[in-house]
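Participant: pasted the sequence and its predicted model underneath.
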Amino acid sequence: MARQESLIKLNGKIGDLSFYKDKRGYQARMKTGPTKDQINNDPRFQRTKENGQEFGRAANGSKQFRNQLRELLAQGADPQFSRRLTGRMHRVLKLDDENARGERKVLVANLPQLVGVECNLRAQLGEVFFMKARPVYDRSSGEGIFELPEMTAKKVIKALEGATHVQIQLVAAEFDAQNPDADEISIARSTYLDIGKSEVSAAETLSVQLLPQAESGVILLMGISYLQHVNGGYYPLSNGMYNALTVVQVDVP
């Protein structure tokens, strides 16, 4: 790596040289590593080619799932979520024992590996919601249910400065990385639960309805949304930056 010392500062590429600016100033470096043509055609780089192809499939699966959840994900809440989800999709892909190396795919049968994925590390579900109960899903009817018992919300949900209420969410998302049309999603939300008082809230049932295509998986997520009650309205706290959303169950054919 070399530093640019001339009066004319360059950005971009000239032949095998790359010019760029970082926190240390203007830099220059030689291109390293195999070329695209070498990766595609040179047998010495066959493994590199295979790894790249499989990583691309994992990244595409990650993007497909994130797009389904976009209305639930606060902008900028967890900038590393994309990377983490791609890594987990790559783990799913490596469980494929049907296809040869380089041709492995994100198969529905292996999607249970997604259980435990946190969409926002700022607020992991287990750290803000202290009930152990989880939803149940019936594939034949397409119904997913989570039973909320009578409870004092402030005792089972972590308080957050500025938040007056929360909503608990149940989400069912159809998913098949091989079929972009398998993209149905169903969302149920609880009533607004006051986390500042000691009152007992009434029991309620969160119910989602999603009949998947025959070959699709159904991913169930649970979440907590923090809100602030002002003049009769409920507003997301910090634009949802501290909302939790976690994969808790996966149903496969």
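Facilitator: Perfect, thanks for sending it. Residues are numbered from 1 along each chain as shown.
Participant: now the strands for the stretch 101-250 of the chain?
Facilitator: 136-138, 143-148, 165-175, 185-189, 193-194, 204-209, 217-230, 233-236, 244-251 (DSSP state E, counting those that start in this stretch).
Participant: show me where this protein dips below the pLDDT cut-off.
Facilitator: Applying pLDDT under 70 to the chain picks out residues 1-51, 75-76.
Participant: number of residues surrounding residue 251?
Facilitator: 20 (other CB atoms under 10 Å). No exception for glycine: its C-beta is placed from N, CA and C like everyone else's.
Participant: list the residues that contact the spatially closest residue to it that is not a sequence neighbour.
Facilitator: By the measure of CB to CB, 6 or more residues apart in numbering, the closest residue to residue 251 outside its immediate chain neighbours is residue 218, 4.4 Å from it. Neighbour list for residue 218: 137, 139, 144, 172, 173, 174, 175, 210, 212, 250, 251 [criterion: CB atoms under 8 Å, 6 or more residues apart in numbering].
Participant: partners of the fourth one in the sheet?
Facilitator: Think residue 172. residue 186, residue 220 (DSSP bridges).
Participant: hmm, it is touching residue 217, no?
Facilitator: No. The criterion here is CB atoms under 8 Å, and residue 172 misses it with residue 217 at 10.7 Å.
Participant: how far away is residue 236 from residue 74?
Facilitator: 8 Å (CB to CB, to the nearest Å).
Participant: any common contacting residues for the two?
Facilitator: residue 243.
Participant: these two: who's more crowded?
Facilitator: Between residue 236 and residue 74, counting by other CB under 10 Å, residue 74 is the more crowded of the two (19 against 16).
Participant: just give the nearest non-adjacent residue to that one, would you?
Facilitator: Per CB to CB, 6+ apart, closest to residue 74 is residue 240, 3.2 Å.
Participant: can you count the residues close to that neighbour?
Facilitator: Neighbour count of residue 240, defined by other CB under 10 Å: 19.
Participant: tell me who's in contact with it.
Facilitator: 74, 77, 225, 226.
Participant: any chance of those in CSV, plus distance to residue 65?
Facilitator: Below are the contacts of residue 240 laid out as CSV (distance: CB to CB, whole Å):
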residue, distance to residue 65
74, 17
77, 16
225, 20
226, 24
